[in-house]
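1. give me the fold of what follows.
(chains A and B, ligands or ions: 3)
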Amino acid sequence: MRALTWQGVNELSVETVPDPTVQSPTDMLVRVVRTVSCGSDLHLLGGYIPFMRAGDVIGHEFVGEVVEVGADVRRHRVGDRVVMSSFIACGRCWYCRHEEFSLCDNTNTNPAITEALWGFSPGGCFGYSHAMGGNAGSHAEYVRVPMADHTAFTIPDAVSYERALFASDSVATAWTGVELGGVAPGDVVAIWGAGAVGQMAARVAQLVGAERVLVIDRVPERLEQVRRYVGAETIDYSTQHVGSELLEATGGRGPDVCIEAVGMEAHAPGPDFLYDQVKQQLRLQTDRPTALREAVYQCRKGGTVFVLGVFAGVVDKFPVGAMMNKGLTVRGAQMHGPRYIPRILERMERGEIVTEHLATHVMPLEEAPHGYELFKDKKDGCVRAVFTP
Amino acid sequence: MDGSARWTAALVGALGIGGASVAATRAVQKARPRPRPDRWHAVTVDRAPADLQGVAAAPPEPLAALGDDLEIDLRPAPGDRGTELRARARRPGLLVDADVRDALRRSRSLLEVGEVVQPDEPGTTRRTVTSLPLELAIRHGREGGRL
Ligand SMILES: NC(=O)c1ccc[n+]([C@@H]2O[C@H](COP(=O)([O-])OP(=O)(O)OC[C@H]3O[C@@H](n4cnc5c(N)ncnc54)[C@H](O)[C@@H]3O)[C@@H](O)[C@H]2O)c1
Ligand SMILES: [Zn+2]
Ligand SMILES: [Zn+2]
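-> Ligands and ions are numbered 1, 2, ... in the order given. Down below sits the predicted model:
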């Protein structure tokens, strides 16, 4: 089959690779109908998550049709339309039982790598390096879905593949941040990053009753999407003073919950961008925490900062004084897909979550390297590049 | 640092990720006491002690493969955390720590889900001049990672 492979830093190519098969009775095989680029892939592309091998198939957010099921698969049948959680869940370990699915004990095939980095290992993800599971990615004609009963969800007839696609990762990530960040009715929520994850976090915050939601970015087309499709307010940090806008919007209190949906390659307008970039290149820090620092600074006393953006290692100048003295809760997580996908699909069916506008560029799989170019440089208004294998 | 942790540390160092923090961790480690040679290695299995009664006498295959040199102990975990499955060599040095860790992890998977999840076979990767550290880390991917 054809698949998009990582060949080296900033080097992708579509290659012919072996077809996957059902290897275990709990596996199923899915013919990929749509698969989409994610901000997380940029960290792989840029070499910030150096656990990739030449030839690895990337991609983790996808929908498709079941073409074969293993003997023990109970919840899916050939022909079903399904959406997969980007993180693979066994459904039967302590973490899965407590709905912390991305922490699954049994789905990462190389747990020792992240154990060395972080002390303990999270679960496995599709197409996200050998550190995060070593599982093949979704930018391919077919994908083997391990633990299919717990990782895949049937798409209701009334929800299109186009919409359901983003339940796989972006919207589920957003819901993870909003729920674990403790967003409650009446809250003012500030979100850094107007990519698909930030936009959907804004939408989910509204759905759970936030009073006001403000999204901060500098890319005009993305901020326009936030206003038009999500109905949240925006702050363009390249032309507006973020701190004073947030103070005005919150009666001087500061946002109750600050969600960071930017990640380790954050951009910064001031001199600290250069500082962080040099430090990152010298490997004195692995990640650039610009938006995270800002979120900690702007958050109200006793508020919560939730880190949805992906970080891999260590950062410099983390404002621990602000965290401690303002009594903040700082939390983060990879997405707990299976906990949220069923309710997301329901909301999609009712039209309460729309995602079609995120797919600004739809193209055949063969053009995926070009799609990533557009996505990476945010060219031509690209928010997400969707591939149709 | 046991066998496989050496690979993962080399990898983490070689590829530069968290280079500074890993170097610092290793420096601290050199200065601090070594783990006790008779330490138990442990995983917690999310099954009630009653469900695992037979395990001490007839352990899952990965632990059984380590033979009579291995000592196994089961005890209830606190709260609703399941059962602590512990293993070690009967005498220090009889077994490699990394093998014990690997067998424990595989056994937990077998007890919880009945299988050990595997990556796609055949894989799609090719060998490059720089891929050796990562290949080694993958080969030892289920052993101990802790630095
Ligand atoms: N936790 C999870 O499970 C999970 C899942 C998916 C994605 N992610 C992560 O979420 C982050 C966002 O994903 P995405 O797909 O929306 O990515 P994206 O790259 O499309 O969007 C990131 C946005 O952040 C903006 N940005 C950069 N620096 C900024 C700053 N200093 N202040 C405000 N905005 C800034 C960029 O302009 C861009 O619009 C990424 O780090 C991704 O890895 C996490
Ligand atoms: Zn993602
Ligand atoms: Zn699990």
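2. ok, the closest residue to ligand 2 within the stretch 201-350 of chain A to residue A:264 distance?
-> The shortest separation between the stretch 201-350 of chain A and ligand 2 is 7.6 Å, found at residue A:335 (distances taken as CB to the ion). For the C-beta atoms, the positions are set from N, CA and C on the backbone; glycine is no exception. To residue A:264, residue A:335 is 16 Å away according to CB to CB, to the nearest Å.
3. what of residue A:100?
-> The value you get for residue A:100 to residue A:264, if CB to CB is used, is 22 Å.
4. shaky segments in chain A?
-> Counting by pLDDT under 70, the ranges of chain A that qualify are A:282-284.
5. contacting residues around residue B:40?
-> Going by CB atoms under 8 Å, 6 or more residues apart in numbering or on different chains, residue B:40 touches B:73, B:86-88.
6. which residues of chain A lie near ligand 2?
-> In this structure, chain A approaches ligand 2 at residues A:38, A:40, A:169, judged by CB under 5 Å from the ion.
7. residue nearest the centroid of chain B?
-> With distances taken as CA atoms, centre = their mean, residue B:101 lies nearest the centre of chain B, 2.7 Å away.
8. heading C-terminal from the helix or strand containing it, find the next helix or strand.
-> According to DSSP states H and E, residue B:101 maps onto helix B:97-113. Taking DSSP H and E as the definition, the helix or strand that follows helix B:97-113 towards the C-terminus is helix B:132-139.
9. packing partners of that next one?
-> helix A:111-118, helix B:3-14 (3 or more CB pairs under 8 Å, 6 or more residues apart in numbering or on different chains; DSSP states H and E).
10. tell me the domain boundaries of chain A?
-> For chain A, the structural domains run A:2-169+A:335-388, A:173-332, going by automatic domain parsing.
11. count the residues that sit near residue B:80.
-> Residue B:80 is flanked by 10 other residues according to other CB atoms under 10 Å in any protein chain shown.
12. ignoring the adjacent residues along the chain, who's closest to residue A:216?
-> Taking CB to CB, 6 or more residues apart in numbering or on different chains as the measure, residue A:216 lies nearest to residue A:235, with 4.6 Å between them; neighbours along the chain are not counted.
13. over to residue A:229?
-> Spatially, and ignoring its direct neighbours in sequence, residue A:229 is nearest to residue A:357 (4.9 Å; CB to CB, 6+ apart).
14. what's around that neighbour, how many residues?
-> By other CB under 10 Å, 14 other residues sit near residue A:357.
15. I'd assumed residue A:226 was in contact with it.
-> No. With contact defined as CB atoms under 8 Å, residue A:357 does not count as touching residue A:226 (10.4 Å).
16. quick check: the residue of the stretch 201-350 of chain A nearest ligand 1.
-> In the stretch 201-350 of chain A, the residue found nearest to ligand 1 is residue A:263; the distance is 2.1 Å by CB to the nearest ligand atom.
17. wait, that residue sits on residue A:311?
-> Yes. With contacts defined as CB under 8 Å, residue A:263 counts as touching residue A:311 at a distance of 6.8 Å.
18. how about low-confidence regions in chain B?
-> Within chain B, the set of residues satisfying pLDDT under 70 comprises B:1-29.
19. one step back: enumerate every residue touching the residue nearest to residue A:229.
-> Residue A:357 sits in contact with A:225, A:228-229, A:383, where contact means CB under 8 Å, 6+ apart.
20. hey, what's the residue nearest to residue A:233 when sequence neighbours are not counted bridged with?
-> The spatial neighbour of residue A:233 that comes closest, neighbours along the chain excluded (CB to CB, 6+ apart), is residue A:214 at 4.7 Å. Here residue A:214 sits in beta bridges with residue A:190, residue A:233, going by DSSP bridges.
21. for the one residue in chain A that gets nearest to ligand 2, give its distance to residue A:50.
-> As assessed by CB to the ion, ligand 2 sits closest to residue A:38 within chain A, at 3.2 Å. According to CB to CB, residue A:38 stands 18 Å off from residue A:50.
22. between the two, tell me which one has more neighbours.
-> For the pair residue A:38 and residue A:50, the greater number of neighbours falls to residue A:38 (28 against 20), based on other CB under 10 Å.
23. could you pull out the helices for the stretch 51-200 of chain A?
-> Listed in chain order, the helices of the stretch 51-200 of chain A (DSSP state H, counting those that start in this stretch) span residues A:94-97, A:111-118, A:148-151, A:161-164, A:170-180, A:196-207.
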